[in-house]
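J.: Next comes the sequence, and after it the predicted model I'd like to discuss.
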Amino acid sequence: MAEDSIEEKIKECNEIFSRMEKREEKANDEVVKYFDRIHDKLFSYHLFFLAGYISLIAIPSIRISVWWLIIPVFCVARLICIDWSMMNINRKLAHITNLNPNQIRELSKKQNSINLNSLEVILESILTTGGFIWALI
């Protein structure tokens, strides 16, 4: 009788652990999805600023240097590189069972690097907004 109870508890614990693993896997997928959404929004945001800077340059009464265009172009280029890197990582992760542990660790390091680059682009977006507002004043 006690063995049946122990086996039931073990089975229940295994089911809970299995659900937790599935939840963890889903959460990891969600993180990538949210980064992708943030990148899409930042891409649109920087294209907006690119159009804004071009408009400011076209207005003769506002004296703004053409060099200001480099900032949003640079941010858009970085976002494209980040998305490209994320695509390559996901392509490799699609065959994760064929990778050795060193390759998996390397992919993890690349993902962390991409996350830092994303944070930098977010901060650059804030600076771009500040520069645009400063150019208007």
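T.: Thanks, I have the structure now. Residues are numbered from 1 along each chain as shown.
J.: If you rank every helix and strand of this structure by mean pLDDT, what lands last?
T.: Ranked by mean pLDDT, DSSP states H and E, the weakest helix or strand in the chain is helix 2-58, scoring a mean of 79.
J.: Tell me the gap between it and the middle of its chain.
T.: 10 Å (Cα atoms, centre = their mean, to the nearest Å).
J.: Could you check the angle the following helix or strand past it makes with helix 2-58?
T.: Of the helices and strands lying after helix 2-58 in sequence (DSSP states H and E), the nearest is helix 70-93. Interaxial angle, helix 70-93 versus helix 2-58 (axes from the mean of the first three to the mean of the last three Cα atoms, to 10 degrees): 150 degrees.
J.: average model confidence for helix 70-93?
T.: Across helix 70-93, pLDDT averages out at 84.
J.: what's the answer for stretch 120-137, then?
T.: Stretch 120-137 comes out at a mean pLDDT of 81.
J.: what residues does it touch?
T.: Stretch 120-137 is contacted by residues 38-39, 42, 45-46, 49, 52-53, 56, 62, 64, 68, 71-72, 74-75, 78-79, 82 when judged by Cβ atoms under 8 Å, 6 or more residues apart in numbering. (Each C-beta comes from the backbone N, C-alpha and C, glycine too.)
J.: re the thing from before, can you name every helix or strand that the least confident helix or strand of the chain contacts?
T.: Other helices and strands packing on helix 2-58, by 3 or more Cβ pairs under 8 Å, 6 or more residues apart in numbering; DSSP states H and E, are helix 70-93, helix 101-136.
J.: Among those, which comes closest to Lys9?
T.: Distance to Lys9, taken as Cβ to Cβ, is lowest for helix 101-136 among these, at 32.8 Å.
J.: buried sites along that closest one?
T.: 107, 111, 114, 118, 121, 124-125, 128, 131-132, 135 (16 or more other Cβ atoms under 10 Å).
J.: Save the residues you listed as TSV, and put in distance to Lys26 too.
T.: Below are the buried residues of helix 101-136 laid out as TSV (distance: Cβ to Cβ, whole Å):
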residue	distance to Lys26
Leu107	19
Gln111	17
Ile114	20
Ser118	21
Val121	26
Glu124	31
Ser125	29
Thr128	34
Gly131	39
Phe132	38
Ala135	44
